[in-house]
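Trainee: output the structure for:
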Amino acid sequence: MNKPKISVNQVFWMTFSIEMAMTLYLTQSLVIHTAKQDAWMSFLIGGVIACGITLLSVALARLYPDQTLVEFSRTILGRWLGKIIVVPFLAMWIFISSTLLRQFSDFFQMIMFDQTPTSVLMLMMMLIVSGLVWTGGIASIARCSQIVGPIIMVIVVLIICLSFNNFEFEQILPVFSDSGVGALIRGSLTPASVFGDAVFLLMLTKFMENPRQGTKKVVWGVAVVSVISSVLTLTALSIFGPALASKMLFPTFEMIRYVSLMEFIQNIEIFSTVIWFFSVFIKLSVYLFSTCYGISQWLGLKHWTRSIWVIAPAVFLIAWKFPQTGLYASKIQVQLGLHYFMPIVLTGIPLLLWIVGTVRKRSRHTRHVDP
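Mentor: The predicted structure follows:
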(Lines give C-alpha, C1' and ligand atoms only; values in the text may rest on other atoms or scores of the structure.)
Protein backbone atom coordinates (compact mmCIF):
# COMPACT_ATOMS: atom_id res chain seq x y z
CA MET A 1 0.00 0.00 0.00
CA ASN A 2 1.23 3.48 -0.76
CA LYS A 3 1.79 5.68 2.28
CA PRO A 4 1.22 9.35 1.39
CA LYS A 5 2.19 11.96 3.96
CA ILE A 6 0.05 14.75 5.39
CA SER A 7 1.58 17.90 6.82
CA VAL A 8 1.20 19.32 10.33
CA ASN A 9 -1.01 22.20 9.13
CA GLN A 10 -3.22 19.81 7.20
CA VAL A 11 -3.74 17.77 10.37
CA PHE A 12 -4.93 20.88 12.23
CA TRP A 13 -7.38 21.97 9.54
CA MET A 14 -8.66 18.45 9.12
CA THR A 15 -9.41 18.21 12.84
CA PHE A 16 -10.96 21.68 12.88
CA SER A 17 -13.22 20.92 9.91
CA ILE A 18 -14.32 17.56 11.31
CA GLU A 19 -15.25 18.85 14.76
CA MET A 20 -17.15 21.88 13.43
CA ALA A 21 -19.42 19.47 11.54
CA MET A 22 -20.82 18.04 14.72
CA THR A 23 -20.84 20.50 17.57
CA LEU A 24 -23.13 23.31 16.37
CA TYR A 25 -25.67 21.19 14.50
CA LEU A 26 -25.91 18.23 16.87
CA THR A 27 -25.25 19.45 20.40
CA GLN A 28 -25.99 23.14 20.80
CA SER A 29 -29.71 23.02 21.65
CA LEU A 30 -29.20 19.97 23.89
CA VAL A 31 -26.51 21.74 25.90
CA ILE A 32 -28.61 24.90 26.20
CA HIS A 33 -31.55 22.83 27.45
CA THR A 34 -29.33 21.42 30.23
CA ALA A 35 -27.16 24.38 31.24
CA LYS A 36 -29.47 27.22 30.16
CA GLN A 37 -27.73 30.60 29.84
CA ASP A 38 -24.45 29.05 31.05
CA ALA A 39 -24.28 26.63 28.12
CA TRP A 40 -21.32 28.53 26.71
CA MET A 41 -19.32 27.50 29.79
CA SER A 42 -20.36 23.87 29.31
CA PHE A 43 -18.77 23.97 25.85
CA LEU A 44 -15.50 25.14 27.38
CA ILE A 45 -15.58 22.45 30.05
CA GLY A 46 -16.49 19.87 27.42
CA GLY A 47 -13.53 21.05 25.36
CA VAL A 48 -11.18 20.50 28.30
CA ILE A 49 -12.54 16.97 28.80
CA ALA A 50 -12.23 16.27 25.09
CA CYS A 51 -8.65 17.54 25.04
CA GLY A 52 -7.88 15.08 27.84
CA ILE A 53 -9.43 12.24 25.82
CA THR A 54 -7.48 13.36 22.75
CA LEU A 55 -4.22 13.49 24.73
CA LEU A 56 -4.79 9.84 25.68
CA SER A 57 -5.11 8.97 22.00
CA VAL A 58 -2.00 11.05 21.28
CA ALA A 59 0.01 9.12 23.88
CA LEU A 60 -1.19 5.83 22.41
CA ALA A 61 -0.46 6.87 18.81
CA ARG A 62 3.09 7.90 19.74
CA LEU A 63 3.90 4.43 21.03
CA TYR A 64 3.73 3.09 17.48
CA PRO A 65 3.82 6.10 15.11
CA ASP A 66 4.51 3.91 12.06
CA GLN A 67 1.44 1.73 12.58
CA THR A 68 -2.31 2.24 12.40
CA LEU A 69 -4.80 1.29 15.12
CA VAL A 70 -5.39 -2.10 13.49
CA GLU A 71 -1.66 -2.84 13.36
CA PHE A 72 -0.53 -1.76 16.81
CA SER A 73 -3.56 -3.30 18.55
CA ARG A 74 -2.32 -6.68 17.28
CA THR A 75 1.22 -5.79 18.34
CA ILE A 76 0.02 -4.99 21.85
CA LEU A 77 -2.68 -7.62 22.48
CA GLY A 78 -1.87 -10.34 20.00
CA ARG A 79 -3.44 -11.30 16.70
CA TRP A 80 -6.97 -12.34 17.68
CA LEU A 81 -7.66 -10.12 20.68
CA GLY A 82 -6.09 -7.21 18.81
CA LYS A 83 -8.48 -7.76 15.90
CA ILE A 84 -11.52 -8.03 18.18
CA ILE A 85 -10.79 -4.83 20.10
CA VAL A 86 -10.71 -2.79 16.86
CA VAL A 87 -14.28 -3.73 15.89
CA PRO A 88 -15.97 -1.09 18.15
CA PHE A 89 -13.97 1.67 16.43
CA LEU A 90 -15.00 0.53 12.97
CA ALA A 91 -18.64 0.17 14.05
CA MET A 92 -18.59 3.65 15.62
CA TRP A 93 -17.22 5.28 12.46
CA ILE A 94 -19.83 3.56 10.28
CA PHE A 95 -22.69 4.53 12.61
CA ILE A 96 -21.59 8.16 13.00
CA SER A 97 -21.12 8.46 9.23
CA SER A 98 -24.63 7.13 8.63
CA THR A 99 -26.38 9.40 11.13
CA LEU A 100 -24.38 12.40 9.95
CA LEU A 101 -25.27 11.67 6.32
CA ARG A 102 -28.95 11.50 7.26
CA GLN A 103 -28.83 14.75 9.24
CA PHE A 104 -27.03 16.47 6.40
CA SER A 105 -29.67 15.47 3.85
CA ASP A 106 -32.57 16.39 6.16
CA PHE A 107 -31.05 19.80 6.86
CA PHE A 108 -30.55 20.66 3.20
CA GLN A 109 -33.96 19.34 2.26
CA MET A 110 -35.55 21.50 4.96
CA ILE A 111 -33.88 24.78 3.99
CA MET A 112 -33.10 24.49 0.27
CA PHE A 113 -34.30 21.39 -1.57
CA ASP A 114 -37.77 20.74 -0.21
CA GLN A 115 -38.85 18.95 -3.41
CA THR A 116 -35.81 16.68 -3.57
CA PRO A 117 -35.97 13.26 -1.86
CA THR A 118 -33.47 12.84 0.96
CA SER A 119 -32.24 9.64 -0.67
CA VAL A 120 -31.05 11.64 -3.68
CA LEU A 121 -29.19 14.13 -1.48
CA MET A 122 -27.56 11.31 0.46
CA LEU A 123 -26.58 9.50 -2.71
CA MET A 124 -25.00 12.61 -4.22
CA MET A 125 -22.95 13.28 -1.08
CA MET A 126 -21.77 9.67 -0.85
CA LEU A 127 -20.74 9.67 -4.50
CA ILE A 128 -18.66 12.82 -3.99
CA VAL A 129 -17.07 11.49 -0.79
CA SER A 130 -16.40 8.05 -2.27
CA GLY A 131 -14.85 9.60 -5.37
CA LEU A 132 -12.44 11.68 -3.29
CA VAL A 133 -11.43 8.75 -1.08
CA TRP A 134 -11.08 6.39 -4.05
CA THR A 135 -8.96 8.67 -6.21
CA GLY A 136 -6.75 10.42 -3.67
CA GLY A 137 -7.05 8.76 -0.28
CA ILE A 138 -5.97 10.62 2.82
CA ALA A 139 -3.61 12.93 0.89
CA SER A 140 -6.47 14.42 -1.13
CA ILE A 141 -8.66 14.72 1.97
CA ALA A 142 -5.85 16.58 3.73
CA ARG A 143 -5.39 19.01 0.84
CA CYS A 144 -9.14 19.67 0.71
CA SER A 145 -9.26 20.35 4.44
CA GLN A 146 -6.35 22.78 4.09
CA ILE A 147 -8.53 24.81 1.71
CA VAL A 148 -11.90 24.26 3.38
CA GLY A 149 -10.75 24.80 6.98
CA PRO A 150 -9.72 28.47 6.61
CA ILE A 151 -12.93 29.18 4.69
CA ILE A 152 -14.98 27.80 7.59
CA MET A 153 -12.92 29.83 10.07
CA VAL A 154 -13.45 33.08 8.14
CA ILE A 155 -17.20 32.48 7.83
CA VAL A 156 -17.54 31.75 11.55
CA VAL A 157 -15.66 34.92 12.53
CA LEU A 158 -17.75 36.91 10.05
CA ILE A 159 -20.98 35.53 11.54
CA ILE A 160 -19.93 36.46 15.07
CA CYS A 161 -18.92 39.98 14.06
CA LEU A 162 -22.12 40.64 12.09
CA SER A 163 -24.27 39.33 14.96
CA PHE A 164 -22.82 41.80 17.44
CA ASN A 165 -25.55 44.39 16.77
CA ASN A 166 -28.18 41.92 17.98
CA PHE A 167 -26.49 41.16 21.30
CA GLU A 168 -28.65 41.51 24.41
CA PHE A 169 -26.33 40.66 27.28
CA GLU A 170 -29.14 40.53 29.85
CA GLN A 171 -30.21 37.28 28.13
CA ILE A 172 -27.17 35.48 29.57
CA LEU A 173 -27.66 36.79 33.13
CA PRO A 174 -27.37 35.70 35.86
CA VAL A 175 -24.15 33.82 35.23
CA PHE A 176 -23.74 30.47 36.97
CA SER A 177 -26.28 31.01 39.78
CA ASP A 178 -29.28 29.51 37.95
CA SER A 179 -27.55 26.37 36.69
CA GLY A 180 -24.86 25.41 39.17
CA VAL A 181 -21.92 23.05 38.89
CA GLY A 182 -24.05 19.95 38.29
CA ALA A 183 -25.85 21.37 35.27
CA LEU A 184 -22.60 22.69 33.81
CA ILE A 185 -20.94 19.28 34.08
CA ARG A 186 -23.96 17.43 32.68
CA GLY A 187 -24.10 19.89 29.80
CA SER A 188 -20.38 19.55 29.13
CA LEU A 189 -20.58 15.78 28.62
CA THR A 190 -22.51 16.19 25.37
CA PRO A 191 -19.87 18.28 23.52
CA ALA A 192 -17.12 16.24 25.20
CA SER A 193 -18.49 13.05 23.63
CA VAL A 194 -18.54 14.79 20.24
CA PHE A 195 -15.17 16.57 20.45
CA GLY A 196 -13.58 13.41 21.82
CA ASP A 197 -14.08 11.47 18.59
CA ALA A 198 -10.65 12.73 17.55
CA VAL A 199 -9.56 9.10 18.04
CA PHE A 200 -9.55 9.00 14.24
CA LEU A 201 -5.92 10.12 14.61
CA LEU A 202 -5.11 6.52 15.64
CA MET A 203 -5.65 5.58 12.00
CA LEU A 204 -3.85 8.63 10.56
CA THR A 205 -0.63 8.96 12.61
CA LYS A 206 1.08 6.57 10.22
CA PHE A 207 0.49 9.04 7.38
CA MET A 208 1.78 12.16 9.16
CA GLU A 209 5.08 13.74 8.10
CA ASN A 210 5.82 14.58 11.73
CA PRO A 211 3.75 12.35 14.06
CA ARG A 212 4.84 14.15 17.25
CA GLN A 213 3.90 17.62 15.99
CA GLY A 214 0.91 16.32 14.03
CA THR A 215 -0.72 14.73 17.06
CA LYS A 216 -0.28 18.00 18.96
CA LYS A 217 -2.19 19.78 16.22
CA VAL A 218 -5.13 17.44 16.76
CA VAL A 219 -5.34 18.65 20.36
CA TRP A 220 -5.12 22.26 19.18
CA GLY A 221 -7.87 21.64 16.65
CA VAL A 222 -10.19 20.30 19.35
CA ALA A 223 -9.36 23.24 21.63
CA VAL A 224 -10.01 25.87 18.95
CA VAL A 225 -13.36 24.33 18.00
CA SER A 226 -14.47 24.22 21.65
CA VAL A 227 -13.68 27.93 22.09
CA ILE A 228 -15.45 28.89 18.84
CA SER A 229 -18.46 26.75 19.82
CA SER A 230 -18.59 28.52 23.16
CA VAL A 231 -18.53 31.95 21.51
CA LEU A 232 -21.23 31.01 18.98
CA THR A 233 -23.40 29.57 21.75
CA LEU A 234 -22.92 32.72 23.81
CA THR A 235 -23.96 34.75 20.77
CA ALA A 236 -27.09 32.65 20.18
CA LEU A 237 -28.04 32.89 23.86
CA SER A 238 -27.61 36.66 23.88
CA ILE A 239 -30.00 36.95 20.90
CA PHE A 240 -32.70 34.38 21.69
CA GLY A 241 -32.31 33.64 25.38
CA PRO A 242 -32.03 30.10 26.79
CA ALA A 243 -35.76 29.29 26.75
CA LEU A 244 -36.19 29.89 23.01
CA ALA A 245 -32.75 28.66 21.93
CA SER A 246 -33.22 25.30 23.67
CA LYS A 247 -36.31 24.63 21.53
CA MET A 248 -34.56 25.34 18.23
CA LEU A 249 -33.08 22.55 16.14
CA PHE A 250 -30.21 24.75 14.90
CA PRO A 251 -29.78 27.90 17.05
CA THR A 252 -26.73 29.11 15.10
CA PHE A 253 -28.56 28.85 11.79
CA GLU A 254 -31.53 30.79 13.18
CA MET A 255 -29.13 33.38 14.60
CA ILE A 256 -27.64 34.01 11.18
CA ARG A 257 -31.10 34.83 9.82
CA TYR A 258 -31.22 37.80 12.18
CA VAL A 259 -28.06 39.35 10.78
CA SER A 260 -28.70 42.73 9.19
CA LEU A 261 -26.12 45.43 8.67
CA MET A 262 -27.50 48.80 7.51
CA GLU A 263 -30.14 46.84 5.55
CA PHE A 264 -27.40 46.01 3.07
CA ILE A 265 -26.01 42.72 4.38
CA GLN A 266 -28.99 40.40 4.93
CA ASN A 267 -30.08 36.83 4.29
CA ILE A 268 -26.60 35.38 4.76
CA GLU A 269 -27.79 32.02 6.07
CA ILE A 270 -26.24 30.51 2.95
CA PHE A 271 -22.93 30.83 4.82
CA SER A 272 -24.25 28.45 7.44
CA THR A 273 -25.00 25.88 4.75
CA VAL A 274 -21.45 26.30 3.43
CA ILE A 275 -20.04 25.47 6.88
CA TRP A 276 -22.32 22.47 7.22
CA PHE A 277 -21.60 21.11 3.74
CA PHE A 278 -17.81 21.47 3.91
CA SER A 279 -17.57 20.13 7.47
CA VAL A 280 -19.74 17.10 6.73
CA PHE A 281 -17.82 16.49 3.51
CA ILE A 282 -14.46 16.37 5.30
CA LYS A 283 -15.76 14.31 8.22
CA LEU A 284 -17.44 11.72 6.01
CA SER A 285 -14.30 11.49 3.88
CA VAL A 286 -11.98 10.95 6.86
CA TYR A 287 -14.30 8.39 8.44
CA LEU A 288 -14.80 6.54 5.15
CA PHE A 289 -11.05 6.38 4.60
CA SER A 290 -10.37 5.28 8.20
CA THR A 291 -13.03 2.59 8.05
CA CYS A 292 -12.05 1.26 4.62
CA TYR A 293 -8.33 1.28 5.35
CA GLY A 294 -8.90 -0.31 8.75
CA ILE A 295 -11.20 -3.06 7.47
CA SER A 296 -8.75 -3.83 4.66
CA GLN A 297 -5.95 -4.27 7.19
CA TRP A 298 -8.28 -6.24 9.45
CA LEU A 299 -9.10 -8.65 6.60
CA GLY A 300 -5.60 -8.62 5.11
CA LEU A 301 -6.62 -7.15 1.75
CA LYS A 302 -3.89 -5.82 -0.55
CA HIS A 303 -5.96 -3.03 -2.11
CA TRP A 304 -7.81 -1.04 0.54
CA THR A 305 -9.84 0.93 -2.01
CA ARG A 306 -11.89 -2.15 -2.87
CA SER A 307 -13.58 -2.02 0.52
CA ILE A 308 -15.18 1.30 -0.49
CA TRP A 309 -17.60 -0.71 -2.65
CA VAL A 310 -18.93 -2.31 0.55
CA ILE A 311 -18.59 0.40 3.22
CA ALA A 312 -20.03 3.33 1.22
CA PRO A 313 -23.26 1.46 0.30
CA ALA A 314 -23.54 0.25 3.91
CA VAL A 315 -23.34 3.84 5.21
CA PHE A 316 -25.97 4.92 2.69
CA LEU A 317 -28.34 2.06 3.54
CA ILE A 318 -28.09 2.64 7.30
CA ALA A 319 -28.76 6.36 6.78
CA TRP A 320 -31.70 5.50 4.56
CA LYS A 321 -33.22 3.46 7.42
CA PHE A 322 -33.86 6.64 9.44
CA PRO A 323 -36.77 8.05 7.34
CA GLN A 324 -38.69 9.58 10.24
CA THR A 325 -36.01 10.28 12.83
CA GLY A 326 -33.29 11.89 10.75
CA LEU A 327 -33.70 15.34 12.32
CA TYR A 328 -33.63 13.82 15.81
CA ALA A 329 -30.82 11.35 15.23
CA SER A 330 -28.53 13.75 17.07
CA LYS A 331 -30.22 12.74 20.34
CA ILE A 332 -29.65 9.07 19.52
CA GLN A 333 -26.03 9.74 18.65
CA VAL A 334 -25.44 11.85 21.75
CA GLN A 335 -26.94 9.17 24.01
CA LEU A 336 -24.73 6.52 22.41
CA GLY A 337 -21.79 8.89 22.73
CA LEU A 338 -22.38 9.42 26.45
CA HIS A 339 -23.10 5.80 27.41
CA TYR A 340 -21.05 3.81 24.92
CA PHE A 341 -18.64 5.71 22.70
CA MET A 342 -17.03 7.99 25.29
CA PRO A 343 -16.57 5.54 28.21
CA ILE A 344 -15.64 2.50 26.08
CA VAL A 345 -14.38 3.42 22.61
CA LEU A 346 -12.94 6.89 23.22
CA THR A 347 -11.51 6.30 26.70
CA GLY A 348 -11.62 2.70 27.92
CA ILE A 349 -10.06 0.84 24.98
CA PRO A 350 -7.34 3.48 24.26
CA LEU A 351 -6.44 3.51 27.97
CA LEU A 352 -6.15 -0.28 28.01
CA LEU A 353 -4.00 -0.28 24.88
CA TRP A 354 -1.80 2.51 26.21
CA ILE A 355 -1.20 0.78 29.56
CA VAL A 356 -0.44 -2.63 28.06
CA GLY A 357 1.62 -1.11 25.24
CA THR A 358 3.68 1.00 27.66
CA VAL A 359 4.35 -1.98 29.94
CA ARG A 360 5.40 -4.14 27.01
CA LYS A 361 7.72 -1.50 25.59
CA ARG A 362 9.38 -0.95 28.97
CA SER A 363 9.78 -4.67 29.55
CA ARG A 364 11.42 -5.07 26.13
CA HIS A 365 13.72 -2.12 26.83
CA THR A 366 14.68 -3.65 30.20
CA ARG A 367 15.52 -6.99 28.60
CA HIS A 368 17.76 -5.27 26.04
CA VAL A 369 19.56 -3.24 28.72
CA ASP A 370 20.12 -6.06 31.22
CA PRO A 371 23.20 -8.19 30.47
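Trainee: after the one helix or strand Phe108 maps to, next one along is what?
Mentor: For Phe108, the host element (DSSP states H and E) is helix 79-111. The helix or strand immediately downstream of helix 79-111 is helix 118-162, counting by DSSP H and E.
Trainee: tally of neighbours for the closest residue in space to Val219 that isn't next to it in sequence?
Mentor: Among residues not flanking Val219 along the chain, Thr54 sits closest, at 5.1 Å (C-beta to C-beta, 6 or more residues apart in numbering). Yep, even glycine has a C-beta here, placed from its N, CA and C like the rest. For Thr54, the neighbour count with other C-beta atoms under 10 Å is 27.
Trainee: now do the helix or strand hosting Thr54: which elements does it pack against?
Mentor: Element membership of Thr54 [criterion: DSSP H and E] is helix 39-63. The helices and strands touching helix 39-63, judged by 3 or more C-beta pairs under 8 Å, 6 or more residues apart in numbering; DSSP states H and E, are helix 28-35, helix 180-195, helix 201-204, helix 211-240, helix 349-369.
Trainee: point out the most buried one among the ones you listed.
Mentor: Mean neighbours per residue, mean count of other C-beta atoms under 10 Å, is largest over those for helix 201-204, with a mean of 26.
Trainee: give me the mean pLDDT for the helix holding Thr54.
Mentor: Over the span of helix 39-63, the pLDDT mean works out to 93.
Trainee: in it, what's buried?
Mentor: Of all the residues in helix 39-63, those buried under the rule 16 or more other C-beta atoms under 10 Å are 39-47, 49-51, 53-58, 60-61, 63.
Trainee: just the buried positions in the next helix or strand after it, please.
Mentor: Counting by DSSP H and E, the element after helix 39-63 in chain order, helix or strand, is helix 69-77. Across helix 69-77, burial judged by 16+ other C-beta under 10 Å covers 69-77.
Trainee: quick revisit: and the angle from the helix holding Thr54 to helix 69-77?
Mentor: Following axes from the mean of the first three to the mean of the last three C-alpha atoms, to 10 degrees, one obtains 60 degrees for the angle between helix 39-63 and helix 69-77.
Trainee: which one of the helices and strands packed on helix 39-63 lies closest to Met126?
Mentor: helix 201-204 (19.9 Å; C-beta to C-beta).
Trainee: quick one: list the elements packing against the closest one.
Mentor: helix 8-22, helix 39-63, helix 69-77, helix 211-240, helix 270-299.
Trainee: now those in CSV, with distance to His33?
Mentor: Listed next are those as CSV, based on distance: least, C-beta to C-beta, whole Å:
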stretch, distance to His33
helix 8-22, 17
helix 39-63, 8
helix 69-77, 35
helix 211-240, 12
helix 270-299, 21
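Trainee: how about those, which one is nearest Gly131?
Mentor: helix 270-299 (9.8 Å).
Trainee: after the closest one comes which helix or strand?
Mentor: Using DSSP H and E, the helix or strand that follows helix 270-299 in sequence is helix 308-320.
Trainee: chain center to stretch 119-132, what's the gap?
Mentor: Distance of stretch 119-132 from the chain centroid (C-alpha atoms, centre = their mean, to the nearest Å) equals 19 Å.
Trainee: show me what contacts Val199?
Mentor: For Val199, the contact set (C-beta atoms under 8 Å, 6 or more residues apart in numbering) comprises 53-54, 57, 89, 345-346, 350.
Trainee: in CSV: these, plus distance to Val280.
Mentor: Putting the contacts of Val199 into CSV (distance: C-beta to C-beta, whole Å) gives the following:
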residue, distance to Val280
Ile53, 22
Thr54, 21
Ser57, 22
Phe89, 20
Val345, 21
Leu346, 21
Pro350, 25
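Trainee: what's the farthest-apart pair in those residues?
Mentor: The widest separation within those (C-beta to C-beta) is 14.9 Å, between Thr54 and Phe89.
Trainee: quick one on the thing from earlier: could I get the buried residues of helix 69-77 as JSON lines with distance to Leu288 and pLDDT?
Mentor: JSON lines is the format used below for those (distance: C-beta to C-beta, whole Å; pLDDT from 0 to 100):
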{"residue": "Leu69", "distance to Leu288": "16", "pLDDT": "94"}
{"residue": "Val70", "distance to Leu288": "16", "pLDDT": "95"}
{"residue": "Glu71", "distance to Leu288": "19", "pLDDT": "94"}
{"residue": "Phe72", "distance to Leu288": "22", "pLDDT": "94"}
{"residue": "Ser73", "distance to Leu288": "20", "pLDDT": "95"}
{"residue": "Arg74", "distance to Leu288": "23", "pLDDT": "94"}
{"residue": "Thr75", "distance to Leu288": "25", "pLDDT": "93"}
{"residue": "Ile76", "distance to Leu288": "26", "pLDDT": "93"}
{"residue": "Leu77", "distance to Leu288": "26", "pLDDT": "93"}
